[in-house]
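Q: Build me a model:
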Amino acid sequence: MDGFCTPTIGFLSDGGYIPKAFNKFGRRISWHLIGTIAVAISFPFIFSGCWFCTSPSGWIANGYLLICICLFQFGWAAVQISHLALIPEMTTSQSVRTSMQSFRYAFSMIANVMVFSLLYYLFQTDDKSGIIDESDLKNFSRSSIILTVIGLFTSALFYILTKPHWCVNNMIVTPTTQTTIHIKMSWLCWLKNYQYYLVSILYMLCRLNVNVSQVYFPFYVIITLRMSKSYVAILPLIIYISSFFCSLFIGIPWISRTIGRKATFMFGVFIALLNCVLFFCDQKNLTFILVIFMGIAQSVLLVSSVSLTADLINKNIESGAFVYGSMSLFDKISNGITFQLIEIFNPNCNSRYANVNCSDFYRDILVIIPGVCAFLMFIILLILLPQKIGKRNNDEDNNLLLQHDTNDIIE
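A: Sure thing, here's the model as predicted:
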């Protein structure tokens, strides 16, 4: 559902197809608002269970959960794509775009820290056993309601503070000539651009690396390392704190200009490979070092991937949402296939009766898949190293706008 919605919403957002009631918000903010409403309606019910169902495993309960999840995935896609597409429209400076992406990720880390702090508190006050089971559903339900209220409040602040950018159009003014340049690049043009595919694969591998690490890390903690369930909240909390400070560091404009996105990306790939080595060592005394490095790798890879995507879009902001949406589609397809294959080979581990095979299985997953992704990212970065990302053929003024790193955000 998410994979279908991201390119669809990108196409609709680029084309300005929005309900009349949202016209005053512009093509980006309007879809963000629609997505926020959908998430607020669906998210709390996903973790609350089917309150009118007689059986928690019946087809009515499954249908209820399916509807809630589909609505949430639609809302999440609308929020994500419109928010990403808004950044290239707000500034023409590469370093400022990178800073905005970094701070965007930093604030998402703050949100994640809040989530795991809340879960840690709830688990500590209701620690009946060392594993997470059905009795913990009420903790997730309470946290989902609290987080939804906080999300609505921060979203309202976002709409108020970004009001000058509600109706940003795709006309960019150069600081040197003050002449308006109208740039057009359709979705078909992107499909003919070879850099689009390289950056898409890079984005896909980055997301796959991070998602596999995030999804299977709790199983690694409980089953492989045999740590208590409170560490399912503590260790990700450290990861997000590490990511927060790292994203703030790489978001400093002069660091972005000095080091460059490709070199920063390479550094993230190196740390990701180092994480695979630490996972393979399978030592409890290395766990806290591992989670710090995981936070660094995840922040560098995610910020660098979306920054390279913004470089690829360059001045073609009229189709920016399609670029982000289609890349997200590749990301969702690859993740879906990978997770399905993992579960096919899963030895049906249960955290109550975890055996040696289960312990090795989750360790190997966190070594092999992120390691292969990191190696392939390294190869693609080597291919892109001599190239100017976002440079189009026969486009003489292509680099003009984004070379001016002193540009202010467009008012």
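
Q: what helix or strand is the residue lying closest to residue 48 once chain neighbours are set aside on?
A: Using Cβ to Cβ, 6 or more residues apart in numbering and skipping the chain neighbours, the partner closest in space to residue 48 is residue 141 (4.6 Å). To be clear about C-beta, it is placed using only N, CA and C from the backbone, and glycine gets the same treatment. Assigned by DSSP states H and E, residue 141 falls within helix 137-161.

Q: Now do the strands in the protein.
A: With DSSP state E as the criterion, the chain has strands at 171-173, 180-182.

Q: residue ranges of the helices in the stretch 151-300 of the chain, please?
A: 187-191, 194-219, 231-250, 253-259, 261-281, 287-313 (DSSP state H, counting those that start in this stretch).

Q: Who are the packing partners of the second one?
A: Looking back up the chat, that one is helix 194-219. helix 231-250, helix 261-281, helix 287-313, helix 320-344, helix 356-384 (3 or more Cβ pairs under 8 Å, 6 or more residues apart in numbering; DSSP states H and E).

Q: quick one, which of those helices is nearest to residue 207?
A: helix 320-344 (4.3 Å; Cβ to Cβ).

Q: The closest one vs helix 194-219, what angle?
A: 40 degrees (axes from the mean of the first three to the mean of the last three Cα atoms, to 10 degrees).

Q: Give me the buried positions along helix 320-344.
A: For helix 320-344, burial by neighbour count (16 or more other Cβ atoms under 10 Å) applies to 320-332, 334-335, 338-339, 342.

Q: and the angle for it with helix 356-384?
A: Going by the same axes, to 10 degrees, helix 320-344 makes 150 degrees with helix 356-384.

Q: all numbers from here: first residue = 45
A: All set: I'll call the first residue 45, so the last point we hit is now helix 364-388.

Q: and helix 364-388, what's its mean pLDDT?
A: Averaged over helix 364-388, pLDDT sits at 89.

Q: Tell me what angle that helix forms with helix 331-357.
A: 140 degrees.

Q: for helix 364-388, packing partners?
A: The contact analysis (3+ Cβ pairs under 8 Å, 6+ apart) places helix 364-388 against helix 46-59, helix 103-134, helix 231-235, helix 238-263, helix 331-357, helix 400-428.

Q: could those helices go into CSV alongside distance to residue 274 and mean neighbour count?
A: Formatted as CSV, those follow (distance: least, Cβ to Cβ, whole Å; neighbours: other Cβ atoms under 10 Å):
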stretch, distance to residue 274, mean neighbour count
helix 46-59, 30, 22
helix 103-134, 27, 20
helix 231-235, 46, 13
helix 238-263, 12, 20
helix 331-357, 13, 24
helix 400-428, 19, 18
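
Q: and those helices, which one is worst for confidence?
A: What stands lowest among those, in mean pLDDT terms, is helix 46-59, with a mean of 78.

Q: what helices or strands is that helix leaning on?
A: Contacts defined by 3+ Cβ pairs under 8 Å, 6+ apart place helix 46-59 against helix 70-90, helix 103-134, helix 364-388.

Q: Give me the residues contacting it.
A: 62, 71-72, 75, 79, 117-118, 120-122, 124-126, 129, 231, 362-370, 372-373, 375-377, 380 (Cβ atoms under 8 Å, 6 or more residues apart in numbering).

Q: Can you give me the neighbour number for the closest residue to residue 350 other than its chain neighbours?
A: Spatial nearest neighbour of residue 350, excluding adjacent residues (Cβ to Cβ, 6+ apart): residue 145 at 5.0 Å. If you count neighbours by other Cβ atoms under 10 Å, residue 145 ends up with 26.

Q: Then the one 5 residues further on?
A: For residue 150, the neighbour count with other Cβ under 10 Å is 20.

Q: That one reaches residue 293, doesn't it?
A: No. Here residue 150 does not reach residue 293: they are 9.7 Å apart, not a contact under Cβ atoms under 8 Å.

Q: can you tell me the average pLDDT over stretch 188-205?
A: Mean predicted confidence for stretch 188-205 is 91.

Q: typed the wrong thing, it's stretch 433-451
A: Across stretch 433-451, the average pLDDT comes to 54.

Q: ok, now stretch 310-328?
A: The model assigns stretch 310-328 a mean pLDDT of 92.

Q: Give the buried residues for that stretch.
A: For stretch 310-328, burial by neighbour count (16+ other Cβ under 10 Å) applies to 310-313, 315-320, 322-323.

Q: quick one: contacts for residue 425?
A: Residue 425 sits next to 246, 306, 309-310, 313 when contact means Cβ under 8 Å, 6+ apart.

Q: and if you look at residue 128?
A: 350, 353, 364-365, 368 are the contacts of residue 128 under Cβ under 8 Å, 6+ apart.

Q: again, but for residue 304
A: Counting by Cβ under 8 Å, 6+ apart, residue 304 has no contacts.

Q: got the phi/psi numbers for it?
A: Dihedral angles phi and psi of residue 304 (degrees, to the nearest 10) take the values phi 90, psi 150.

Q: Thank you, goodbye.
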